[in-house]
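the sequence isn't on hand, but the structure is:
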């Protein structure tokens, strides 16, 4: 007959990966029932990603079967540990707002929106940081003219930290600074997540009003790991007007509304809303459909932050490393100024709520 004390002794040798503490002393075990040759329990982990839950379940089953040396029947359920109410400022306590920019699919201009939102906030006098977390397609080195730059290390309180690079008033760190731009980045989820977390925990960000995170496209393990490790104040979803993009945007919104995620939706941005030729500035051609993301935001009950048209200068500004919002008295800079204003209003409303 299996003893409860023996089960707990075995489980005390299993660590929760995020905290590096054993699951028994960390009170991560609930509903432990030991009956003759059967053990059932629930184990909590900090990382909500499926691979993390599966690894914990495998570790529990392997250790119990190998160390008890019995043909034991194990029923193990693994759940995500709830985030503590005061945990939001244990990480980056000097940053007032941490906001992710996400998209359900690639190619909708998420990085263009992020770079201009960051530069637009800096233009208004805010202290802004930007983390390019798009592992497989980092764009910020190009969009901020930092392709050949490499961050330096700085000594802060006896700790060696990465110093973000300042460009256009924005402190920037990108995964692209640490990889070969000519080669593809081939990383599994856990490795990618670890690399991203270093840009938060091992960097000297100082005091910031906003830290924006340019997430990879999609809704996968990297997103869940990052969201759980870095408590977000909100997320902005970017989409184009056509139905195929809207379906993915809808999934993105629903992911952030999940019970084990629950990140506030700051708003939805519609990119590539219409095409305006330079020689016909008053003309609008709705290439991808009209008001698709705007209508989606109304249907989902989330704020709508603005529509960004397709104009040649927007593409050119990204290529030369100077965000379009910094162009003086241009059509596109005015559009982004309005986006920045709507964004800050939603942030202020969130703090007052």
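Cool, the structure landed. Model, not experiment: these values are computed from the prediction.

just grab the bridge partners of the nearest residue to residue 303 once chain neighbours are set aside for me.
Setting aside the residues directly before and after it, residue 303 is nearest to residue 267 in space (Cβ to Cβ, 6 or more residues apart in numbering), at 3.8 Å. Yep, even glycine has a C-beta here, placed from its N, CA and C like the rest. Judged by DSSP bridges, the bridge partners of residue 267 are residue 236.

could you measure from residue 267 over to residue 55?
Going from residue 267 to residue 55 by Cβ to Cβ, to the nearest Å gives 36 Å.

with residue 68 instead?
Counting by Cβ to Cβ - residue 68 and residue 55 are separated by 20 Å.

and for residue 281?
56 Å.

looking at these two, which one has more neighbours?
residue 55 (16 against 10; other Cβ atoms under 10 Å).

quick check: phi and psi at that one.
The phi/psi pair for residue 55 (degrees, to the nearest 10) reads phi -70, psi -40.

next, the contact list for the residue nearest to it when sequence neighbours are not counted, please.
Ranked by Cβ to Cβ, 6+ apart and with sequence neighbours excluded, the top spatial neighbour of residue 55 is residue 17, at 7.7 Å. By Cβ atoms under 8 Å, 6 or more residues apart in numbering, the contact set of residue 17 is 45-47, 52, 55.

got it, and residue 342?
267, 303, 305-306.

so which of those wins on neighbours?
residue 305 (27 neighbours).

sorry, back to before: would JSON lines of the contacts of residue 17 with secondary structure be doable?
Compiled in JSON lines, those are given as follows (DSSP: H, G, I helix; E, B strand; the rest coil):
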{"residue": "45", "secondary structure": "strand"}
{"residue": "46", "secondary structure": "coil"}
{"residue": "47", "secondary structure": "coil"}
{"residue": "52", "secondary structure": "helix"}
{"residue": "55", "secondary structure": "helix"}
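
neighbours of residue 315, how many?
Around residue 315 there are 12 other residues, counting by other Cβ under 10 Å.

now the strand or helix carrying it: buried residues?
Assigned by DSSP states H and E, residue 315 belongs to helix 312-320. Residues 314, 317-318 are the ones in helix 312-320 that count as buried (16 or more other Cβ atoms under 10 Å).

kindly report the same for stretch 35-50.
Across stretch 35-50, burial judged by 16+ other Cβ under 10 Å covers 39, 41, 43-49.

want to throw those into JSON lines with distance to residue 234 and pLDDT?
Below are the buried residues of stretch 35-50 laid out as JSON lines (distance: Cβ to Cβ, whole Å; pLDDT from 0 to 100):
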{"residue": "39", "distance to residue 234": "42", "pLDDT": "92"}
{"residue": "41", "distance to residue 234": "36", "pLDDT": "93"}
{"residue": "43", "distance to residue 234": "30", "pLDDT": "93"}
{"residue": "44", "distance to residue 234": "26", "pLDDT": "91"}
{"residue": "45", "distance to residue 234": "25", "pLDDT": "88"}
{"residue": "46", "distance to residue 234": "21", "pLDDT": "78"}
{"residue": "47", "distance to residue 234": "21", "pLDDT": "74"}
{"residue": "48", "distance to residue 234": "18", "pLDDT": "69"}
{"residue": "49", "distance to residue 234": "21", "pLDDT": "70"}
